[in-house]
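Participant: Predicted model follows, preceded by the sequence.
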Amino acid sequence: MASSRLERLLNLTAALLTAPRPLTAAEVAERVPGYPLPTGSPTFKRAFERDKDSLRDMGIPLVLAPVEGADPPVEGYVIPRDQYELRDPGLEPDELAALHLAAAAVELEGLRGSSALWKLGGAPPEGNGATDAATAAVAPLPATPLLVPLFEAVAERTPVSFTYRDEDREVEPWRLAFRRGHWYLEGHDRARGAERQFRLDRVEGEVALGTPGTAATTPAPARAGAPRPWQYGEGDPVVASLLVDADQAPWALDRLGDDVVAEHRTDGSLVFALPVTNREAFRSFVLGFLDHAEVLGPPELRDDLAAWLRALTAA
Amino acid sequence: MPRPNADDRLRRLLALVPWVVAADGPRLEEVCARFGIGEDELLAELDTVFLCGVHPFTPDALIDVDIEGGRVWIRYADYFSRPLRLTPEEALQLVAAGAALLAVPGADPEGPLARGLARLAGVLGVEVADALDVELGTVSPALLDTLRAAADEGRSVEIDYYAYGRDARTRRVVDPEAVYAAEGEWYLSAWCHLAEAPRRFRVDRIRGTRVLDRPEGDADGAARRRRREAVSRTVFEPSPDDPRVVLELEPQARWVVEQYPVEEVEELGDGRLRVRLVAGERAWLERLLLRLGRYGRAVEGADGVAAAAAGRVLARYGDR
């Protein structure tokens, strides 16, 4: 019966939370009714293992520790209360309502939904504000299996290692970033001694976790806006001058921001000054405008684009 | 709905019991509403709690559940006085959802959500703004508001839209259904009166909107409902009738497979590929071929497209 198992799990949790010292399996069987006996039997072991897995799965800190003074030495189980309890965040009703709304509007695909909110006190009664229709956007965020362990690594300053573009990387994780539809890990690449971004869906295989708390670098502040594709890469940037026709200018302005506008022309077209370190990415961006944009300079970039196109007309 | 298993029920009880303990006699309906549970189910769960406690299970070692006048008290459950802390998965879920909603253009950076997230972060020991950065795409907040309001109120909107695939601007009347962010962009799904079909529009390509007083065309609610249903059912995928194009790609152009929905991929050796993909419209294909340059060659379905497009762009560079 499911309800008697629930009862057993509740009693087990209570017993281990209140235990003054770690309890051996035999002591658990004594204090928690409902286990198949005797304690040496395979059915008891199976039932106890299953219960321990259940508690661990839901995040209950089940600690295995030596029982003091026992001879011969044995190990027992305990749930340290300070590791079990959620500190009260002291949420105001409107703040809790806003978090509920967020969880309803933004689904992190594949992750468990409601249990986090239960722990914070469940759904607050209606009429606590914050249910502004303007925020009721639906934005599914894709989740990859790496997201949870990496988030934990960021929070606990745990160095991580993984394979990326066929190379082994050792990274001090700073933050997870969701940009242009993909999750990235940003952090300090130890071998390169510099900040790097890694797209999570391009991480190959598993992520190995190091020792928590040993990531030494101080996270650089999040950039205002992700770097553009043409800003990735090494070396000194060349400042490209890009003319965008009036028709496409508002869109380009939205994308690029007004701090890179070098000139407003009277016909409504705009000239942008863009720092370029990755020429291929810049060329792709410019070609997206078809014949509604033109690289004005410097001559090396302008000639590069023209040569690229000429190869196509000759073909 | 399937009956939750013992693990899910335990998860809920370990949150519900501390809340009831602290609330000191809340009404049963409120407990049900907060924890998404029916009253019968709640009473059954409370019966289970009533049987629980610690060794030696004498009356003073049992949890006391008292139900009276539609209210409930739980006492002698000191060990369950605080909920279990959030798992990393739960924390990520909440923090990511909150950060995403704060990333919606026009969100209040000092509103209840931002304050709630900050308090939560304090308990979790992470600085949300530092640990998680969500960007949903840049669009004008006013435009988002207009489209959302139109969807909520069932109004039609005339939009000036840049059709990327055809490289052309059009004016059309649409009935907005939903506004959402996906794959790094904002989209509007709507009934399009120009196409007489459901369509999906990139919000950043909408220039200028005029909200109409009443739905365009028929005032008949039934027809309108049918359209709304058609929009919400539509999964925006290529149709089997759309033209296809076959490309041969050099190793430098293998990224096409990652970025475009290719239907067939064939290895040609030495890292070269032959792929078949839905061609979309003319301007879309032109952009792809121009970006590929000499690393890609259309072998079927795009005769002369690349050369003609390259010639048009080259005209701006003083030669052709």
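Facilitator: On my side now, so go ahead. Just so it is clear, the model here is predicted, and its values are computed rather than measured. Numbers count the residues shown, from 1 in each chain, chains lettered A, B, ... in the order given.
Participant: Quick check: mean pLDDT of the longest helix along chain B?
Facilitator: Using DSSP state H to define each element, chain B has its longest helix at helix B:6-23. For helix B:6-23, mean pLDDT is 91.
Participant: Distance from the chain centre to the helix or strand following it, please.
Facilitator: Remark: after helix B:6-23, the chain's next helix or strand is helix B:28-35, criterion DSSP states H and E. A distance of 28 Å separates the centroid of the chain from that of helix B:28-35, by CA atoms, centre = their mean, to the nearest Å.
Participant: pretty sure B:Leu288 belongs to a helix, no?
Facilitator: Yes: assessed by DSSP: H, G, I helix; E, B strand; the rest coil, B:Leu288 belongs to a helix.
Participant: Run through the residues that contact it.
Facilitator: B:256, B:260, B:296 (CB atoms under 8 Å, 6 or more residues apart in numbering or on different chains). For the C-beta atoms, the positions are set from N, CA and C on the backbone; glycine is no exception.
Participant: Okay, and which of those map to strands?
Facilitator: Among the contacts of B:Leu288, the ones falling in strands (DSSP state E) are B:Gly296.
Participant: For the contacts of B:Leu288, pick the one with the most neighbours.
Facilitator: B:Gly296 (22 neighbours; other CB atoms under 10 Å in any protein chain shown).
Participant: Distance of that residue relative to chain A?
Facilitator: Distance from B:Gly296 to chain A, counting by CB to the nearest CB, to the nearest Å: 10 Å.
Participant: where does whatever helix or strand B:Ala96 lives in sit relative to the chain's centre, distance-wise?
Facilitator: If you go by DSSP H and E, B:Ala96 is part of helix B:88-102. Centre-to-centre, helix B:88-102 and its host chain are 13 Å apart (CA atoms, centre = their mean).
Participant: Show me what that helix is packed up against.
Facilitator: For helix B:88-102, the packing partners by 3 or more CB pairs under 8 Å, 6 or more residues apart in numbering or on different chains; DSSP states H and E come out as helix A:93-105, helix A:115-119, helix A:147-156, helix B:112-124, helix B:128-131, strand B:132-134.
Participant: Mind listing what's buried along that helix?
Facilitator: Across helix B:88-102, burial judged by 16 or more other CB atoms under 10 Å in any protein chain shown covers B:88-102.
Participant: and that helix with helix A:93-105, angle?
Facilitator: 100 degrees (axes from the mean of the first three to the mean of the last three CA atoms, to 10 degrees).
Participant: mind saving the C-alpha coords of helix B:88-102 as PDB?
Facilitator: Extracted in PDB, the C-alpha atoms of helix B:88-102 (Å, rounded to 0.1, in the frame of the first residue of the first chain):
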ATOM      1  CA  PRO B  88      19.700  22.600  -7.000                       C
ATOM      2  CA  GLU B  89      17.100  21.600  -9.600                       C
ATOM      3  CA  GLU B  90      14.300  23.400  -7.800                       C
ATOM      4  CA  ALA B  91      16.500  26.500  -7.200                       C
ATOM      5  CA  LEU B  92      17.500  26.600 -10.800                       C
ATOM      6  CA  GLN B  93      14.000  26.200 -12.000                       C
ATOM      7  CA  LEU B  94      12.700  29.100  -9.900                       C
ATOM      8  CA  VAL B  95      15.700  31.400 -10.400                       C
ATOM      9  CA  ALA B  96      15.700  30.800 -14.200                       C
ATOM     10  CA  ALA B  97      12.000  31.400 -14.500                       C
ATOM     11  CA  GLY B  98      12.300  34.600 -12.500                       C
ATOM     12  CA  ALA B  99      15.400  35.800 -14.400                       C
ATOM     13  CA  ALA B 100      13.600  35.100 -17.700                       C
ATOM     14  CA  LEU B 101      10.600  37.000 -16.800                       C
ATOM     15  CA  LEU B 102      12.700  39.900 -15.600                       C
END
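Participant: Report the inter-axis angle for that helix versus helix B:112-124.
Facilitator: Using the same axes, to 10 degrees: helix B:88-102 against helix B:112-124 is 150 degrees.
Participant: by how many degrees do helix B:88-102 and helix A:147-156 diverge?
Facilitator: Note on geometry: by the same axes, to 10 degrees, helix B:88-102 and helix A:147-156 are set 90 degrees apart in direction.
Participant: how about the strands of the stretch 201-315 of chain A, start to end?
Facilitator: Applying DSSP state E, counting those that start in this stretch to the stretch 201-315 of chain A gives strands spanning A:203-209, A:238-244, A:261-264, A:270-276, A:293-297.
Participant: What pLDDT is listed against the residue lying farthest from the centre of chain B?
Facilitator: Distance from the C-alpha centroid of chain B peaks at B:Thr58, with 52.0 Å (CA atoms, centre = their mean). In this prediction, B:Thr58 carries a pLDDT score of 86.
Participant: quick one, phi/psi of it?
Facilitator: phi -80, psi 160 (degrees, to the nearest 10).
Participant: Check the one 10 residues further on too.
Facilitator: Torsion angles at B:Glu68 (phi, psi; degrees, to the nearest 10) stand at phi -150, psi 130.
Participant: State the number of residues packed around it.
Facilitator: 8.
Participant: Tell me what it is bridged to.
Facilitator: B:Arg71 (DSSP bridges).
Participant: May I ask you to name the longest strand in chain A?
Facilitator: strand A:167-179.
Participant: Wondering if that one reaches chain B at all.
Facilitator: Yes: counting by CB under 8 Å from any CB of the partner chain, chain B has neighbours in strand A:167-179: A:174-179.
Participant: what does stretch A:307-315 give?
Facilitator: Yes: Stretch A:307-315 lies within reach of chain B by CB under 8 Å from any CB, at A:308-313, A:315.
Participant: how about that stretch: buried residues?
Facilitator: Going by neighbour count (16+ other CB under 10 Å), the buried part of stretch A:307-315 is A:308-310, A:312-313.
Participant: cool, stretch B:133-142 as well?
Facilitator: Of the residues in stretch B:133-142, B:133-140 count as buried by neighbour count, 16+ other CB under 10 Å.
Participant: same deal with stretch A:192-204?
Facilitator: Buried residues in stretch A:192-204 (16+ other CB under 10 Å): A:197-198, A:200, A:203.
Participant: Out of those, which sit inside strands?
Facilitator: Using DSSP E, the buried residues of stretch A:192-204 in strands are A:197-198, A:203.
Participant: Residue ranges in chain A under the pLDDT threshold?
Facilitator: A:1-3, A:110, A:112-113, A:126-138, A:222-227, A:233-235, A:315 (pLDDT under 70).
Participant: low-confidence ranges in chain B?
Facilitator: Residues of chain B that meet the cut-off, pLDDT under 70, sit at B:1-3, B:127-129, B:214-220, B:234-240, B:319-320.
Participant: What residue spans form the domains of it?
Facilitator: Following automatic domain parsing, one gets these domains for chain B: B:6-80, B:88-131, B:143-233, B:244-317.
Participant: Equivalent analysis for chain A, please.
Facilitator: If you go by automatic domain parsing, chain A breaks into A:2-84, A:93-135, A:147-223, A:230-314.
Participant: Give me whichever of those domains is most buried.
Facilitator: Of all the domains of chain A, domain A:93-135 carries the top mean neighbour count, a mean of 19, counting by mean count of other CB atoms under 10 Å in any protein chain shown.
Participant: can you give me the helices in the chain?
Facilitator: Picking chain A for this. A:2-18, A:25-31, A:42-57, A:81-84, A:93-105, A:115-119, A:147-156, A:249-256, A:279-287, A:299-314.
Participant: That was the other one, I meant chain B.
Facilitator: Counting by DSSP H, residue ranges of the helices within chain B are B:6-23, B:28-35, B:39-50, B:88-102, B:112-124, B:128-131, B:141-153, B:221-233, B:255-259, B:282-292, B:305-314.
Participant: got the contact list for the nearest residue in space to A:Leu253 that is not next to it in sequence?
Facilitator: Once flanking residues are discounted, A:Leu253 sits nearest to A:Leu270: 6.4 Å by CB to CB, 6 or more residues apart in numbering or on different chains. Contact analysis of A:Leu270 by CB under 8 Å, 6+ apart lists A:243-244, A:249, A:252-253, A:261, A:263-264.
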